[in-house]
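J.: sequence isn't available, so here's the structure alone:
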């Protein structure tokens with residue numbers, strides 16, 4: 001693309017990061033997000049969503065949470081899909097406390113989650129041996 005004089009924009013990056021997420025290539029997704037920043041291309045919510053989804057699929061809960069912090073620092077507000085992916089990543093990584101903190105943040109921001117996110121949080125409670133919290 002660049003060899004033909006076409007500079008990648010947010011839409012090109014978004015498509016590439018989505019492909020990384022589909023193929024569970026979390027490192028490549030994060031590298032593309034970093035490349036965007038180096039080239040002064042502002043990542044949008046879709047780029048972050050795809051990268052966080054890739055991290056979730058790759059079991060990288062720490063990186064998923066770092067990306068949420070990064071996007072908030074850039075003024076990009078996470079949506080229900082981003083929070084849902086991060087909660088799933090925490091569940092997979094056995095991070096019950098982190099999943100519950102995310103649920104509280106979501107509630108505080110008035111973001112409405114789908115049943116998949118709540119199922120992930122309930123599953124995290126079960127994995128953490130704290131079934132009582134699942135009832136809250």
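T.: It's in. Computed from a predicted model, the values in this text were never measured in an experiment.
J.: so residue 45 makes contact with residue 76?
T.: Yes: in this structure residue 45 lies within contact range of residue 76 using Cβ atoms under 8 Å: 5.6 Å. In this view, the C-beta of every residue, glycine as well, is placed from N, C-alpha and C.
J.: more neighbours: these two, which one.
T.: When neighbours are counted by other Cβ atoms under 10 Å, residue 45 and residue 76 differ, and residue 76 comes out ahead with 19 against 15.
J.: checking the more buried one next. Helix, strand or coil?
T.: coil (DSSP: H, G, I helix; E, B strand; the rest coil).
J.: OK, contacts around it?
T.: 43, 44, 45, 48 (Cβ atoms under 8 Å, 6 or more residues apart in numbering).
J.: residue contacts, the first one?
T.: Translated: residue 43. So residue 43 contacts 10, 13, 33, 36, 37, 51, 71, 74, 76 (Cβ under 8 Å, 6+ apart).
J.: list phi and psi for it.
T.: Phi and psi for residue 43, reported as degrees, to the nearest 10, are phi -70, psi 140.
J.: likewise for the third one?
T.: Note on residue 45: backbone dihedrals following degrees, to the nearest 10 are phi -60, psi -30.
J.: repeat that for residue 24.
T.: In terms of degrees, to the nearest 10, the main-chain angles of residue 24 are phi 60, psi 40.
J.: from residue 9, how far out is the residue positioned nearest the centre of the chain?
T.: Among the residues of the chain, the one closest to the centroid is residue 52, at 2.5 Å (Cα atoms, centre = their mean). Plainly put, residue 52 is 21 Å away from residue 9 if you go by Cβ to Cβ, to the nearest Å.
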